[in-house]
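> Structure, please.
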Amino acid sequence: MVGATVLVTDPAGLLPAREQMALSLGWHIVLACFGVAFPAMIFVVHWRGVVRGDPVALALARRWGKVAAVLFAIGAVSGTVLSFEMGLLWPGLMGRFGDVLGLPFAFEGLSFFVEAIFIGLYLYGWDRMPPRRHLLMLVPMALAGVVGTYCVISVNAWMNMPTGFRVVDGEVTDVDPWAVLLSSGAFLQFAHMWVAAYLVVGLCVAAVYAAGMLRGRRDAHHRLGFSVPFAFATVAALVQPVVGHLLGMRLGETQPSKLAAFELATTTEQPAPLRLGGLLVDGEVRWSIDIPKWGSFIARGSFDKPVQGLDTFAPADRPPVNLTHLAFQTMIGIGTLLAVAVTVYWIARWRGRDPLRSRWVLRSAVASGPLAVVALEAGWVATEVGRQPWVVFGHMRTAEAAGSNSGLWLLLAVTALVYAAMTYGAVVVLRSMAARWRAGEEDLPSP
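Residues are numbered from 1 along each chain as shown. So this is what the prediction gives:
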């Protein structure tokens with residue numbers, strides 16, 4: 001009977017809107033990472049080429065710039081789709097809170113245009129500008145990518161921790177859009193995403209060159225192509241647990257139901273154990289490994305503070321517990337594994353060994369790229385599913401934000417086809433570019 005009630009009361013557009021948003025965001029977020037982190041890596045190799053007169057580094061920067069252009073082009077398409085989806089899929093959200101969210105989205109649009117301008121100047125500036133001036137074209141490109149991403153993340157942080165408005169008699173009043181951009185939650189959530197971007201891009205790019213070395217291409221080009229992004233990824237892998245811990249400690253006050261799902265806390269416990277694995281089956285936790293007190297320390301920063309249990313929330317206010325918990329632990333597990341792996345790599349380097357001579361190290365490096373992407377996606381599943389049933393936590397339920405247009409299923413099918421075509425096109429173009437570079441064609445036309 002409960003399931004039947006949900007089917008009757010939920011608007012027809014809710015499920016397709018959820019599915020399409022999951023597809024669009026899950027696909028676009030990987031490209032957004034390249035917009036944030038890749039320009040900094042290009043800057044390092046280009047700087048090395050200009051300042052040290054390193055032709056290998058210059059050639060690498062030239063190649064990476066063209067790869068960045070391809071990724072930016074398809075990211076522009078997917079980002080534009082997302083812009084339209086906010087109003088089309090969630091009319092209730094934008095109709096009620098559009099005044100609150102307008103400023104961050106406006107700044108994101110401006111940042112996109114700045115990034116597009118300077119990536120064009122960088123691509124066509126080769127051999128046309130003084131080398132050091134050309135190098136500086138990467139700086140506004142990188143900053144625009146960071147600012148644009150911050151603006152989008154600030155909106156998501158606002159959905160998790162709403163601020164900057166009052167509700168009087170059901171109407172949104174006293175709107176302060178700057179509060180959305182400048183909230184402490186926005187800074188912390190962006191820091192988590194910013195570091196994740198360097199981890200994902202660093203390991204994915206390093207994985208490409210590790211795969212090349214496995215095929216016998218162990219020249220200076222491949223070693224430099226591996227080392228620079230892997231160094232960025234190393235810092236990110238070691239910093240990310242700290243940033244994630246600081247962000248997570250706020251959940252006890254801001255989103256206690258999400259924290260309860262993360263920790264698989266069915267009842268309030270003081271101190272709470274750290275549960276590794278496990279599922280909630282018929283209201284009981286099964287198959288978990290419990291470490292006493294550590295749940296309180298990780299979630300609340302103290303071995304004595306309680307973790308609020310799911311039983312303190314009405315059933316209608318609880319998130320999907322198992323999906324939220326497993327996604328969270330997948331992110332934590334992969335992040336921990338990657339942090340250990342990069343630490344072992346640099347310890348081996350410090351002891352005078354060359355880990356890149358080991359095929360097992362190279363194989364692990366190849367696997368680390370996809371693993372980082374899985375951790376990224378799992379983190380977004382945890383934060384978005386964990387906020388349910390709210391689209392604006394405590395103020396608007398997701399069902400209220402959706403429309404009644406059942407034709408969204410057709411739009412979802414079209415979007416899936418478009419994204420599949422873009423994925424195929426990007427793979428074909430990048431593989432073609434790589435094959436021509438290996439054949440000695442350095443001066444490929446700019447995308």
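> Just confirm Ala372 contacts Leu203, I think it does.
Yes: look at Ala372 against Leu203 with Cβ atoms under 8 Å: they come within range, at 4.4 Å. (C-beta placed from N, C-alpha, C; glycine too.)
> where do the contact lists of these two overlap?
Ala233, Leu338 (Cβ atoms under 8 Å, 6 or more residues apart in numbering).
> which ones are touching His221?
His221 is in contact with Val56, Ala59, Leu60, counting by Cβ under 8 Å, 6+ apart.
> What segments of the stretch 51-200 of the chain are helices?
Along the stretch 51-200 of the chain, the segments classed as helices by DSSP state H, counting those that start in this stretch run 55-89, 91-124, 131-136, 138-160, 177-182, 184-214.
> okay, those helices in CSV with distance to Leu15 next?
CSV is the format used below for these (distance: least, Cβ to Cβ, whole Å):
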stretch, distance to Leu15
helix 55-89, 11
helix 91-124, 15
helix 131-136, 48
helix 138-160, 19
helix 177-182, 28
helix 184-214, 27
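> Figure out which of those is closest to Val44.
Val44 lies closest, by Cβ to Cβ, to one member of the helices of the stretch 51-200 of the chain: helix 55-89, at 8.6 Å.
> Would you mind confirming that Val167 is in contact with His395?
Yes: if you go by Cβ under 8 Å, Val167 and His395 touch, sitting 6.9 Å apart.
> for Asp10, phi and psi?
The phi and psi torsions at Asp10 (degrees, to the nearest 10) take the values phi -70, psi 140.
> how close does it sit to Pro16?
Using Cβ to Cβ, to the nearest Å, we find Asp10 at a distance of 11 Å from Pro16.
> before we move on, what about Ala191?
33 Å.
> And Thr383, by the same measure?
As judged by Cβ to Cβ, Thr383 and Pro16 stand 22 Å apart.
> Also His222?
Using Cβ to Cβ, His222 is found at 45 Å from Pro16.
> now Ala237
Distance, Ala237 to Pro16, by Cβ to Cβ: 37 Å.
> who's more crowded, these two?
Ala237 (26 against 21; other Cβ atoms under 10 Å).
> what sits against that one?
Contacts of Ala237 by Cβ under 8 Å, 6+ apart are Leu199, Gly335, Leu338, Ala339, Ala341, Val342.
> Where does pLDDT dip in this structure?
When residues are selected by pLDDT under 70, those of the chain lie in 1-8, 442, 444-447.
> And the helices of the stretch 51-200 of the chain: which comes nearest Ala40?
Closest approach to Ala40 among the helices of the stretch 51-200 of the chain (Cβ to Cβ): helix 138-160, 5.5 Å.
> How far away from the center of its chain is that closest one?
Helix 138-160 has its C-alpha centroid displaced from the chain centroid by 12 Å (Cα atoms, centre = their mean, to the nearest Å).
> helices or strands up against that helix?
helix 14-51, helix 91-124, helix 177-182, helix 184-214, helix 359-387, strand 390-392 (3 or more Cβ pairs under 8 Å, 6 or more residues apart in numbering; DSSP states H and E).
> need these in JSON lines with distance to Tyr424, can you?
Converted to JSON lines, the helices and strands packed on helix 138-160 look like this (distance: least, Cβ to Cβ, whole Å):
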{"stretch": "helix 14-51", "distance to Tyr424": "13"}
{"stretch": "helix 91-124", "distance to Tyr424": "23"}
{"stretch": "helix 177-182", "distance to Tyr424": "37"}
{"stretch": "helix 184-214", "distance to Tyr424": "18"}
{"stretch": "helix 359-387", "distance to Tyr424": "18"}
{"stretch": "strand 390-392", "distance to Tyr424": "33"}
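> Any idea which of these gets closest to Ala261?
helix 359-387 (5.5 Å).
> What residues sit buried inside the host helix or strand of Arg349?
Under the criterion of DSSP states H and E, Arg349 resides in helix 321-350. Within helix 321-350, the residues that count as buried by 16 or more other Cβ atoms under 10 Å are 321, 324-332, 334-335, 338-339, 341-342, 345.
> again, but for stretch 394-408
Within stretch 394-408, the residues scored as buried using 16+ other Cβ under 10 Å are Met396, Arg397, Thr398, Ala399, Glu400, Ala401, Ala402, Gly403, Asn405, Leu408.
> do the same with stretch 437-444
Buried residues in stretch 437-444, defined by neighbour count with 16+ other Cβ under 10 Å: Trp437.
> Please apply the same query to stretch 157-176.
Residues of stretch 157-176 classed as buried: Ala157, Trp158, Met159, Asn160, Met161, Pro162, Gly164, Phe165, Val172, Val175 (neighbour count, 16+ other Cβ under 10 Å).
> ok now it, how far from the chain's centre?
Taking Cα atoms, centre = their mean, the mean C-alpha location of stretch 157-176 is offset from the chain mean by 26 Å.
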